[in-house]
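Trainee: One predicted model, sequence on top.
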Amino acid sequence: MGLSPREIAIKLLININENNAYSNIELNQYMNKDMDQRDENLIRELVYGVLENKLYIDYIVSKASKVKLKKIHPNILEILRIGIYQICFMDKIPERAAVNESVNLAKKYGHKGTIGYVNGVLRSISRDKEKYMNIDNMDNINYISIKYSHPKYLVRRWIEEFGLEFTEELCKENNKRPFLNIRVNTLKINKNDLQDVLLKQGIATREGKYADDCLIVDNPNGITALDEFKKGLFTIQDESSMLVSQIMNPKDGSKAIDVCSAPGGKATHMAQIMNNNGLIISRDVHNHKIELIEDNAKRLGINIIKTQLYDALIKDENLISKFDYCLLDAPCSGLGLIRRKPEIKWNRKEEDIKALAILQLKIIENAKDYVKPGGVLVYSTCTIEKEENINLVETFLNKNPDFKLVNIQDRLKNKDGLNTLNQGYIQLYPHIHGTDGFFIAKMIRRG
Ligand SMILES: C[S@@+](CC[C@H](N)C(=O)[O-])C[C@H]1O[C@@H](n2cnc3c(N)ncnc32)[C@H](O)[C@@H]1O
């Protein structure tokens, strides 16, 4: 007999929490087209629910358990976590069933002592949920950290940077599940026609708020299995990420380079905007990811992308001043993507931010030299950390007076919540813009 949905959820959680695996990759590996939709939904709900609320759940465990959190065996801890998630955060599952299912799992994955232990902890919580869920006497940082399950260092940084109310709203939003966004491949179909085609397949979509090529999908089940996806009529991309190429706006027939390109979301969008005419050099340092760019370009019917395995930390003297456009979509802390990949909260460390900013500065110092006089340099990240974003751009501009930020007002029809467009950059936040957290700056090299 195959594994039950709860067992699968536990296996996935152990791999994500113990081995730093990525939630979306792990989930996709376990899901197959024969799986019952309700089982798939339950697995997703349990995995994402536990990752989103892990700190709060562990706080509840520590109140109810005599055994210290660190001493609980990983299998048993995950059994408790999914049990508590069902009891305290879901209303679809009867509490008694949640306890019994967890005890059954403890029978399979624990020993006699742990069966009684799991039963005892979960029954106590179920009897007095309010008591166990109450967050006792805490200062703002600790309270927000537990209530919205974000590491303390992030809450502290964000309160210092953005204030208390902003931080609480941001953390709350980070625990909500975002809608899937797709990008219309305008080389093959227009937006309205794609909406009609998808609706015939039972998939309703609506337009994005900011990105011209964005559609928001309410119920994306099975969308990548559709022929329309295989034929390249659309691709999966967040609206914020689509704004990068929209803001860059590369001209038909021009020459562009994307120095950190895999899996090619923005490079293929650039190609779309260029009408598949010109040249885009797409580079990445990881060999296995180069293939992803090639697969995406092929599926989308794009043939102006030339991939190259290349480390952006090494300056390529052969490419100096060769390009009209250069994109640096930098490796970053990814803290704008917590809604999609909640494990980022647990895998990212505060010291990473500084280290990444050093790396980003090194890469932009190389990338800038590939831009022709009069050409465009776009810098983007999927984080909300100033150190990796506007502060980094300002440091770069101070060292490189031949570059300046350019007004990007004309690149977005909807300017809601975007008051830095005339200064040449935008910073998006999930709770304000409804997109991933993202930063985009557009600079030109003086002619
Ligand atoms: C934010 S992702 C790029 C996403 C891509 N632009 C897209 O839209 O699909 C950053 C990429 O940088 C690559 N990378 C990291 N360090 C690099 C380096 N030193 N040189 C080149 N690529 C690098 C990573 O492999 C990753 O694919």
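Mentor: Received it, and whenever you're ready, just let me know what you need. Numbers count the residues shown, from 1 in each chain.
Trainee: Going by C-alpha atoms from here, please, whenever you check contacts or count neighbours.
Mentor: Will do.
Trainee: Quick one: name the residues of the chain near the ligand.
Mentor: 259-266, 284-286, 310-313, 329-331 (CA under 6 Å from any ligand atom).
Trainee: repeat that with 5 Å
Mentor: The chain has residues 260-266, 284-285, 311-313, 329, 331 near the ligand, with proximity defined as CA under 5 Å from any ligand atom.
Trainee: Can you tell me what sits against the lengthiest strand in the chain?
Mentor: Of all segments of type strand in the chain, defined using DSSP state E, the longest is strand 371-381. Strand 371-381 is contacted from outside by 244, 248, 320-332, 334, 364, 368, 388-389, 438-447, using CA atoms under 8 Å, 6 or more residues apart in numbering.
Trainee: May I have it exported as CSV, CA atoms only?
Mentor: Coordinates of each C-alpha in strand 371-381 appear next as CSV, following Å, rounded to 0.1, in the frame of the first residue of the first chain:
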residue,chain,number,x,y,z
VAL,A,371,26.9,48.1,-21.4
LYS,A,372,27.6,50.4,-24.4
PRO,A,373,27.7,54.2,-23.8
GLY,A,374,24.0,55.2,-23.9
GLY,A,375,23.0,51.6,-23.1
VAL,A,376,20.8,50.3,-20.2
LEU,A,377,21.7,48.4,-17.0
VAL,A,378,18.9,46.9,-15.0
TYR,A,379,19.5,45.6,-11.5
SER,A,380,16.8,43.5,-9.8
THR,A,381,16.3,41.2,-6.8
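Trainee: Spell out which strands sit alongside that strand in the sheet and which way each one runs.
Mentor: strand 323-329 (parallel), strand 438-445 (antiparallel) (DSSP bridges).
Trainee: residue in the stretch 1-150 of the chain nearest to the ligand?
Mentor: Residue nearest to the ligand within the stretch 1-150 of the chain: residue 22 (14.4 Å; CA to the nearest ligand atom).
Trainee: quick one, what contacts the closest residue in space to that residue that isn't next to it in sequence?
Mentor: Of all residues not flanking residue 22 in the chain, residue 16 sits nearest, at 6.1 Å (CA to CA, 6 or more residues apart in numbering). By CA under 8 Å, 6+ apart, the contact set of residue 16 is 22, 23, 26, 343.
Trainee: Just the buried subset of the residues of the chain next to the ligand, written out for ChimeraX, thanks.
Mentor: In ChimeraX syntax, the buried subset of the residues of the chain next to the ligand is picked out as below (16 or more other CA atoms under 10 Å):
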select :260,261,262,263,264,265,266,284,285,312,313,329,331
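Trainee: The residues of the chain next to the ligand in strands, which ones?
Mentor: Counted as lying in strands by DSSP E, out of those, are 284, 329.
Trainee: mind listing the helices for the stretch 101-250 of the chain?
Mentor: 112-127, 129-133, 140-147, 152-162, 164-174, 191-200, 227-230, 239-248 (DSSP state H, counting those that start in this stretch).
Trainee: Just name the most buried of those.
Mentor: For the helices of the stretch 101-250 of the chain, average neighbour numbers computed from mean count of other CA atoms under 10 Å are highest in helix 239-248, which has a mean of 23.
Trainee: quick one, that one and strand 438-445 angle?
Mentor: For helix 239-248 against strand 438-445, the angle by axes from the mean of the first three to the mean of the last three CA atoms, to 10 degrees is 10 degrees.
Trainee: Show me what helix 239-248 packs onto, helices and strands only.
Mentor: strand 180-184, helix 265-273, strand 371-381, strand 438-445 (3 or more CA pairs under 8 Å, 6 or more residues apart in numbering; DSSP states H and E).
Trainee: Give me the contact list for the first one.
Mentor: By that I understand strand 180-184. Looking at what lies outside strand 180-184 - CA under 8 Å, 6+ apart - the contacts are 190-191, 194, 213-218, 220, 233-239, 242.
Trainee: what's next to the worst-scoring helix or strand of the chain on mean pLDDT, contact-wise?
Mentor: Sorting the helices and strands of the chain by mean pLDDT, DSSP states H and E puts helix 23-30 at the bottom, at a mean of 83. Under the criterion CA under 8 Å, 6+ apart, residues 8, 12, 16, 44, 47, 48, 341, 342, 343 lie in contact with helix 23-30.
Trainee: got the CA positions of it in CSV?
Mentor: Presented in CSV, the C-alpha positions along helix 23-30 are these (Å, rounded to 0.1, in the frame of the first residue of the first chain):
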residue,chain,number,x,y,z
SER,A,23,9.2,23.0,-0.7
ASN,A,24,8.1,23.4,-4.3
ILE,A,25,10.6,20.9,-5.7
GLU,A,26,9.9,18.4,-3.0
LEU,A,27,6.1,18.7,-3.5
ASN,A,28,6.4,18.3,-7.3
GLN,A,29,8.5,15.2,-6.9
TYR,A,30,5.8,13.5,-4.8
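Trainee: Could you point out the helix or strand that follows that helix?
Mentor: The C-terminal neighbour of helix 23-30 among helices and strands, as given by DSSP states H and E, is helix 37-52.
Trainee: elements contacting the next helix or strand after that next one?
Mentor: Per DSSP H and E, the first helix or strand lying C-terminal to helix 37-52 is helix 54-64. The contact analysis (3+ CA pairs under 8 Å, 6+ apart) places helix 54-64 against helix 74-84, helix 112-127, helix 129-133, helix 140-147.
Trainee: Check what contacts helix 54-64 and list those residues.
Mentor: Contacts of helix 54-64 (CA under 8 Å, 6+ apart): 50, 68-69, 80-81, 84-85, 121, 124-125, 132-133, 145-151.
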